[in-house]
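# could you look at this predicted model? Sequence included:
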Amino acid sequence: MLATKTQFVCQECGAAQPKWHGRCPSCSAWGSMVEEAQRPAGRRGAAVAGNGGRRPQPLAEVEAVRHDRLPSGIEEFDRVLGGGLVPGSLVLIGGDPGIGKSTLTTMALARLATRQSVLLVCGEESPAQVRMRAERIGGAGRIGVVAETDLEVVCQTLVQEQPAVAVIDSIQTLWANDLSSAPGSVAQVREAAGRLLRVAKEHGITVVLVGHVTKDGTVAGPRVLEHLVDVVLLFEGDRTGDLRVLRAAKNRFGSTAEIGVFEMTATGLAAVGDPSALLGRGDLGGPGSVVACAVEGTRPLLLEVQALVAPSELPMPRRLATGVDRNRLAMILAVLQRHAELPLGSADVFVNVAGGVDVHEPAADLAIALAIASAQRGLPTGPLVAFGEIGLTGRLRAVPQAERRLREAQRLGLTHALAPGGTLGVAGTSLRTAQTVAEAIAVTLPAGP
Ligand code: TYD
Ligand code: MG
């Protein structure tokens, strides 16, 4: 058998080497060499004749492609996609193992199969396992299944079967036999996505890639594909809880602001039309608990922020955050110490957003700060929604869409609110405002003994 040549290319400087090196001999970067199939050597440096080029076409004459979308019928999924799958697009769904990627894609295929031909390529599970899942979900009898991990065979199957939508579960199991790297490595994952992209575009097949991603996103997978695919959806949530949030990290055909909220049930994922209502299950407003209101896409979402402050026995106290960016938490802690004189220097601080949802909006700053202050003093703020951005000087900045946030809180029975000065209130809500973090703490947590 003729072995296809591969080479190792440094991802930092582009130098190609015949062998793998832990450190690039050219630019000395560590761990940057990735195997790639060797392309026929171009005539680099040869004089350009100028007769093989192409004529530019005025943009106005370019045929506009209308995206007739394929709605999956799962409302929360379609919303995040921007109205449904676009034919011929490459979509990547990333998320931790066990979060529900296979469940979501199987459900979408089951719905699509009533109108289109669909194909499921399963490399991770046997068709029997897929069938068991499909039976829990129901209505999946029409899905065509192929158990295959050889990239070449998968591409040929797609071309031969011409399904409207194909799901590859997962991209990490595919391997191209002309690369010696193991399946799941950066080289293999990128090669597979590149070839599938060509098949998708040439044949108008929508290809959905399932990819595992670890929390830090370093493992080969979704991160190295982001620039290649049209849409990147991330599935987040607390695997031990029921709430799942689907978010678009990139979308060439729609907004990235929308989120889809699901609940894992015994019969698959159920849409949660009113995610804020899930909050009511807990006991709100105790010490260390404050409700934030984030606006995700077109929907406001109430989230409970919980904090725990405990004396530390470590020289470097711990600062742990779930659902909140660590750097943002570090900033808020520094502001609390410096501008609100909160003694946190020798305390462990834990912050958690209930339900496993990630908050990305600075509007959540104030709720985080109040939750920490409340935990530190051991005093409750009482049921209260708080939103506002905290600046490095300790001043609060007003955030957009205050009215919608207040109404959402009101709808769920929270009629007390705290927001930065300048925020306009709404009828029926008692709104207090503050100019600084210190003032916000003073008005909600009257000084203890
Ligand atoms: P799965 O979709 O296999 O996750 P992934 O493909 O992201 O690794 O499912 C994850 C979990 O969901 C699994 O532990 C079983 C559970 N589950 C349910 O609770 N109900 C269901 O109907 C299904 C299909 C799965
Ligand atoms: Mg799976």
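Good, I have the coordinates. Nothing here was measured: the structure is a model prediction, and the numbers come from that model. Ligands and ions are numbered 1, 2, ... in the order given.

# endpoint to endpoint, stretch 52-63 covers what distance?
23 Å (C-alpha to C-alpha, to the nearest Å).

# contacts for it?
Counting by C-beta atoms under 8 Å, 6 or more residues apart in numbering, stretch 52-63 has no neighbours from elsewhere in the structure. For the C-beta atoms, the positions are set from N, CA and C on the backbone; glycine is no exception.

# please apply the same query to stretch 333-344.
With C-beta under 8 Å, 6+ apart as the criterion, stretch 333-344 contacts 309, 319, 345, 349, 369, 372-373, 376, 390, 392-394, 436-438, 441.

# just the buried ones from those, in PyMOL syntax?
Command for PyMOL that selects the buried part of the contacts of stretch 333-344, burial taken from 16 or more other C-beta atoms under 10 Å:
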select buried, resi 309+319+349+369+372+373+376+390+394+436+437+438+441
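
# surely residue 365 forms part of a strand?
No: judged by DSSP: H, G, I helix; E, B strand; the rest coil, residue 365 forms no part of a strand; its state is helix.

# report the contact partners of it.
328, 332, 388, 389, 390.

# tell me how far it lies from residue 208.
Note on residue 365: its distance to residue 208, by C-beta to C-beta, to the nearest Å, is 36 Å.

# what's the nearest residue to residue 357 if we skip its chain neighbours?
Excluding the flanking residues, the one nearest residue 357 by C-beta to C-beta, 6 or more residues apart in numbering is residue 245, at 5.4 Å.

# got phi/psi on the one you found?
Main-chain dihedrals, residue 245, degrees, to the nearest 10: phi -120, psi 130.

# quick check: bridge partners of it?
residue 236, residue 261 (DSSP bridges).

# SS state for the residue positioned nearest the centre of the chain?
The residue lying closest to the centre of the chain (C-alpha atoms, centre = their mean) is residue 234, at 3.1 Å. Following three-state DSSP, residue 234 is assigned to strand.

# and what of residue 355?
Secondary structure, three-state DSSP: residue 355 is helix.

# I'd say residue 225 and residue 188 touch.
No: using C-beta atoms under 8 Å, residue 225 is not in contact with residue 188; the gap is 11.7 Å.

# can you pull out the helices in the stretch 1-150 of the chain?
75-81, 101-112, 127-137 (DSSP state H, counting those that start in this stretch).

# can I get those helices in TSV including distance to residue 176, mean pLDDT and mean neighbour count?
Output for these, formatted as TSV (distance: least, C-beta to C-beta, whole Å; pLDDT from 0 to 100; neighbours: other C-beta atoms under 10 Å):
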stretch	distance to residue 176	mean pLDDT	mean neighbour count
helix 75-81	28	92	22
helix 101-112	23	94	24
helix 127-137	23	90	14
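
# so which of those helices comes closest to residue 212?
Between residue 212 and these, the shortest separation by C-beta to C-beta is 8.0 Å, and it involves helix 101-112.

# can you check what angle separates the closest one from helix 127-137?
Angle of helix 101-112 versus helix 127-137, following axes from the mean of the first three to the mean of the last three C-alpha atoms, to 10 degrees, is 70 degrees.

# and the stretch 51-200 of the chain, which residues reach ligand 1?
95, 97, 98, 99, 100, 101, 102, 103, 133, 136, 137 (C-beta under 6 Å from any ligand atom).

# again, only this time at 5 Å
Proximity of the stretch 51-200 of the chain to ligand 1, by C-beta under 5 Å from any ligand atom, involves residues 97, 98, 99, 100, 101, 102, 103, 133, 136.

# returning to what we had before: does the residue nearest to residue 357 touch residue 236 like I think?
Yes: using C-beta under 8 Å, residue 245 is in contact with residue 236, at 5.0 Å.

# what's the overlap in contacts for these two?
What both residue 245 and residue 236 touch, as defined by C-beta under 8 Å, 6+ apart, is the set 356, 357, 358.

# excluding its backbone neighbours, what's nearest the residue in the stretch 251-400 of the chain positioned nearest to ligand 1?
Using C-beta to the nearest ligand atom, the closest approach of the stretch 251-400 of the chain to ligand 1 is made by residue 268 at 4.1 Å. Closest residue to residue 268 apart from its sequence neighbours, by C-beta to C-beta, 6+ apart: residue 137 at 4.2 Å.

# need the longest helix for this protein.
Secondary structure of the chain per DSSP state H: the longest helix is helix 186-203.

# quick one on the thing from earlier: residues contacting the residue of the stretch 251-400 of the chain closest to ligand 1?
Per C-beta under 8 Å, 6+ apart, neighbours of residue 268: 103, 106, 107, 136, 137, 138.

# ok, residue 435 - how many residues close by?
The number of residues packed near residue 435 is 13, by other C-beta atoms under 10 Å.

# hang on, it packs against residue 420?
Yes: assessed by C-beta under 8 Å, residue 435 is found in contact with residue 420 at 7.3 Å.

# check the burial of the closest residue to residue 142 other than its chain neighbours by counting its neighbours.
Nearest non-adjacent residue to residue 142, counting by C-beta to C-beta, 6+ apart: residue 113, 3.9 Å away. Neighbourhood size, residue 113 [other C-beta under 10 Å]: 21.

# what of residue 31?
For residue 31, using other C-beta under 10 Å, the count is 11.

# is it fair to say residue 413 lies in a strand?
No: Residue 413 sits outside any strand when classified using three-state DSSP, being coil.

# what about it, distance to residue 314?
In this view, residue 413 and residue 314 are 40 Å apart by C-beta to C-beta.

# swap in residue 205?
Residue 205 is 54 Å from residue 314, by C-beta to C-beta.

# when those two are compared, which one has more neighbours?
More crowded of residue 205 and residue 314, by other C-beta under 10 Å: residue 205, with 23 against 8.

# model confidence for that one, exactly?
On pLDDT, residue 205 comes in at 95.

# so it sits against residue 160, correct?
No: with contact defined as C-beta under 8 Å, residue 205 does not count as touching residue 160 (11.3 Å).

# if we can go back for a sec, could you measure from the residue nearest to the centre of the chain over to ligand 1?
Distance of residue 234 to ligand 1, computed by C-beta to the nearest ligand atom, to the nearest Å: 12 Å.

# ok, that residue - contacts?
Contact partners of residue 234, counting by C-beta under 8 Å, 6+ apart, are 93, 94, 95, 213, 222, 246, 247, 248, 249.
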